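> What follows is a protein structure lacking sequence information:
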């Protein structure tokens, strides 16, 4: 192979590798969805996943939303002051939170916390041959490990996004009324008047999609984990990176579908 064709060969190998990984994840997602509608159902695993993904993720999502809403209000006020449009702070802060920042930052925080946890847990089970033990006991590992986590994340992340939206808007309200001189009643009225149903609904749909992505990537990379501590660490890192990139890509596609002209 000449030095002129080597870069093309490397590009071709990277492209084929990316396409192969995309195909494997797609097949994994299809198999997961097919198991969602077929018994048996492991409700104990589902409720345990709901606790881990939903309730225990609330503090980090809430704090992220609070400071994001507060910083967003300051930025919009500073930008609006250039055009004597400071009054748009309540409405733009609310729309920005519920459409974009709430779902995306909530999804990324959940990805950092949950995708890594799921990948490490399942990867460790694979290394210690617990998944092989499940198969020996005639238990489908996909149905027992993947389906409850994917279903729990798909249902819980929109709830986290909704709570995060409220906290983020209240963060903007707190800054607006204490630092920027807004009247509390006027601020809340402007927020309520400018928000539309689909502004909130689109963010919740995004939250469901991001929850599915987070759990799917965690389970997939955990199942594909190599042997030993190094393999589990690589699976954990890959799960977080893949989930984060997929969330950002899915966010663009969903925004294009919901709000394109």
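Arrived safely, thanks for sending. Being a predicted model, the structure only gives us computed values, none of them experimental.
> only C-alpha atoms for contact and neighbour calcs from this point on.
Will do.
> what residue ranges in the chain are flagged as low confidence?
For the chain, residues meeting the criterion pLDDT under 70 lie at 1-2, 261.
> For the residue nearest in space to the middle of it, which non-adjacent residue is spatially closest?
Against the mean C-alpha coordinate of the chain, by C-alpha atoms, centre = their mean, the closest residue is residue 107 at 2.5 Å. Distances taken as C-alpha to C-alpha, 6 or more residues apart in numbering place residue 210 nearest to residue 107, at 5.7 Å, with adjacent residues excluded.
> thinking again about what came up before, please tell me I have it right and the residue nearest to the centre of the chain contacts residue 212.
No: assessed by C-alpha atoms under 8 Å, residue 107 is found out of contact with residue 212, at 10.0 Å.
> What are the buried residues along stretch 61-70?
For stretch 61-70, the neighbour count (16 or more other C-alpha atoms under 10 Å) marks 61-62, 64-70 as buried.
> Helices - which of these land there?
Those of these mapping onto helices are 61-62, 64-70, per DSSP state H.
> quick one, helices of the stretch 51-200 of the chain?
Using DSSP state H, counting those that start in this stretch, the helices of the stretch 51-200 of the chain run over 58-81, 89-96, 102-110, 116-127, 130-136, 141, 147-178, 184-194, 197-223.
> Of the ones you listed, which is nearest residue 26?
helix 197-223 (10.0 Å; C-alpha to C-alpha).
> Buried residues, the helix or strand just after that closest one. List them.
For helix 197-223, the following helix or strand on the C-terminal side (DSSP states H and E) is helix 228-259. Of the residues in helix 228-259, 231-244, 246-248, 250-251, 254 count as buried by neighbour count, 16+ other C-alpha under 10 Å.
> Just give the nearest non-adjacent residue to residue 72, would you?
Using C-alpha to C-alpha, 6+ apart and skipping the chain neighbours, the partner closest in space to residue 72 is residue 93 (6.3 Å).
> Pick the most buried one from the helices of the stretch 51-200 of the chain.
Greatest average neighbour count among the helices of the stretch 51-200 of the chain goes to helix 102-110 (a mean of 27), per mean count of other C-alpha atoms under 10 Å.
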